[in-house]
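Colleague: Sequence and predicted model, in that order:
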Amino acid sequence: MADLKAVYKAATLNAAEMALDDLEAKWGDKYPMVIKSWRDKWPTLSAYFKYPDYVRKAIYTTNAVEAVHRQFRKLTKTKGGFANENSLLKLLYAGILKASERWTHPVQNWNLTLSQMAIHFPGRLEQHLSL
């Protein structure tokens, strides 16, 4: 995972392409389909690098669905089984309550990020926010 992070956390598009080359050199023999998928979709994936780093960070760190899934996996991976469906639901409910405490923390550089999104996506934010 650290090798893949080097690709999407790269400072520039060129650095990301070099990190992708390094990823392929290290893992290409073991995971050729993954590397091929990244290469085939690179024009779409690399569009991400036209945004400043603080916008990119907001994009890859605020995926709420992934955060919930990660929390659920963390709760259930050490459990062998559940007596019934209700016991699982209670565990997941308690986990979601705990996870939701972190959702109130502000996103770093949010005002700057919001202004950059307004520049990159003109007309899309105004209908939802009063800018």
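Modeller: Cool, got the structure.

Colleague: Wait, residue 16 touches residue 7, no?
Modeller: Yes - counting by CB atoms under 8 Å, residue 16 does reach residue 7; the two are 5.4 Å apart. Yep, even glycine has a C-beta here, placed from its N, CA and C like the rest.

Colleague: For residue 125, which three-state class applies?
Modeller: At residue 125 the chain is in coil, as set by DSSP: H, G, I helix; E, B strand; the rest coil.

Colleague: From what I see, it and residue 113 are in contact.
Modeller: No - counting by CB under 8 Å, residue 125 does not reach residue 113; the two are 11.2 Å apart.

Colleague: Centre of the protein to the edge, which residue is at the far end?
Modeller: For the chain, the largest distance from the centre (CA atoms, centre = their mean) belongs to residue 83, which lies 33.6 Å off.

Colleague: mind checking pLDDT for that one?
Modeller: Listed pLDDT for residue 83 reads 86.

Colleague: measure it to residue 11 for me?
Modeller: 50 Å (CB to CB, to the nearest Å).

Colleague: do the same with residue 125
Modeller: To residue 11, residue 125 is 26 Å away according to CB to CB.

Colleague: Between these two, point out the one with more neighbours.
Modeller: Using other CB atoms under 10 Å, the more surrounded residue of residue 125 and residue 11 is residue 125, with 16 against 10.

Colleague: Let me know how buried the residue lying closest to the more buried one once chain neighbours are set aside is, in neighbour terms.
Modeller: The spatial neighbour of residue 125 that comes closest, neighbours along the chain excluded (CB to CB, 6 or more residues apart in numbering), is residue 118 at 5.2 Å. Neighbour count for residue 118, taken as other CB under 10 Å: 15.
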